[in-house]
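Asker: Compute the structure for the input listed below.
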Amino acid sequence: MPRLLTALLAAAVAALPALSAPIPKERKADEPLGPITEEQLTKSSNNLKHIAIAFHNYNDTYGWLPTNELSKDKKPLLSWRVQILPFIEQDHLFKLFKMDEPWDSENNKKLIDLIPAIYVPVRGKADKGMTFYQTFGGKHGWMQPKASIPASFPDGTSNTFLVAEAAKPVTWTKPDDLEFDGKTVPRLGGMFDGKFHAAMGDGSVRRFRKGVEADILKLLIDPADGNPLPRDYGVDDDDKK
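Answerer: Modelled structure (predicted):
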């Protein structure tokens, strides 16, 4: 990503709430979710904007995007959410992890409860230390070893999901994300009853309505399907204002 565009994106989020904002109050498992509020929608959108900037800065620094780390014998170590900690003002937390150990090692599992506010669900059913923010792996997802921007997004960074709100939460440190095989579309929208936000490859964040057609989601997830998006590709009307 060109340095100028990175700087512009960084400036765009400069006025957003700080990453050290208070963590939302923990909700009991049997407590009703309540109505969706504009504050919740805005908070999650802002979280994704910060995450997208972190991805781009990581890409500028290392030449590729962060991904889920695996050991030499292909066992899961730590997620991309850990890899970008230094880029979301969490360098102190990053240094507490043992990067050559799995996410649930004696040392690393103690850090799960220290989930940064940026990953904490603003709504939805999730245990402490879990997040809905996930990327797309599998045969037709962008998250491959040494994937980079813009080379790994031939369909266009503005046309491809980078990170989205999944239907089910995962432990934030665990290398566990959405898999896309080109046929079965991963489920999204766990925080807002089917409606969801997604950060695009160019760093912008879009709000999508509930029930976006599977064929459209396939185009948005696959970075190299070679097909154009239709004019109406599921963006929520409220997000067009």
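Asker: Tell me where the chain has strands.
Answerer: 130-134, 136-137, 161-171, 178-179, 196-200, 205-208 (DSSP state E).
Asker: possible to save those as a markdown table with mean pLDDT and distance to residue 44?
Answerer: Backbone N, C-alpha and C define where each C-beta goes, glycine included. Listed next are those as a markdown table, based on pLDDT from 0 to 100; distance: least, C-beta to C-beta, whole Å:
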| stretch | mean pLDDT | distance to residue 44 |
| --- | --- | --- |
| strand 130-134 | 98 | 8 |
| strand 136-137 | 96 | 18 |
| strand 161-171 | 98 | 7 |
| strand 178-179 | 96 | 17 |
| strand 196-200 | 97 | 5 |
| strand 205-208 | 96 | 9 |
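Asker: residues touching the residue nearest the centre of the chain, list them.
Answerer: Nearest to the geometric centre of the chain sits residue 163, at 3.3 Å (C-alpha atoms, centre = their mean). Counting by C-beta atoms under 8 Å, 6 or more residues apart in numbering, residue 163 touches 48, 51-52, 55, 133-135, 198-199.
Asker: Output the lowest mean pLDDT helix or strand found in this structure.
Answerer: helix 3-12 (a mean of 50; mean pLDDT, DSSP states H and E).
Asker: where in this protein is pLDDT low?
Answerer: For the chain, applying pLDDT under 70 flags the ranges 1-32, 237-241.
Asker: Return the member of the contacts of residue 163 nearest to residue 40.
Answerer: Distances from residue 40 to the contacts of residue 163, taken as C-beta to C-beta, are shortest for residue 48 (13.0 Å).
Asker: what's the neighbour count on that closest one?
Answerer: Neighbourhood size, residue 48 [other C-beta atoms under 10 Å]: 24.
Asker: Touching, it and residue 204? I think so.
Answerer: No. Proximity of residue 48 to residue 204 does not meet the contact threshold set by C-beta atoms under 8 Å, at 9.6 Å.
Asker: So in this protein, which helix runs the longest?
Answerer: Looking across the chain with DSSP state H, the single longest helix is helix 38-62.
Asker: between that helix and strand 196-200, how big is the angle?
Answerer: Using axes from the mean of the first three to the mean of the last three C-alpha atoms, to 10 degrees, the inter-axis angle of helix 38-62 relative to strand 196-200 is 20 degrees.
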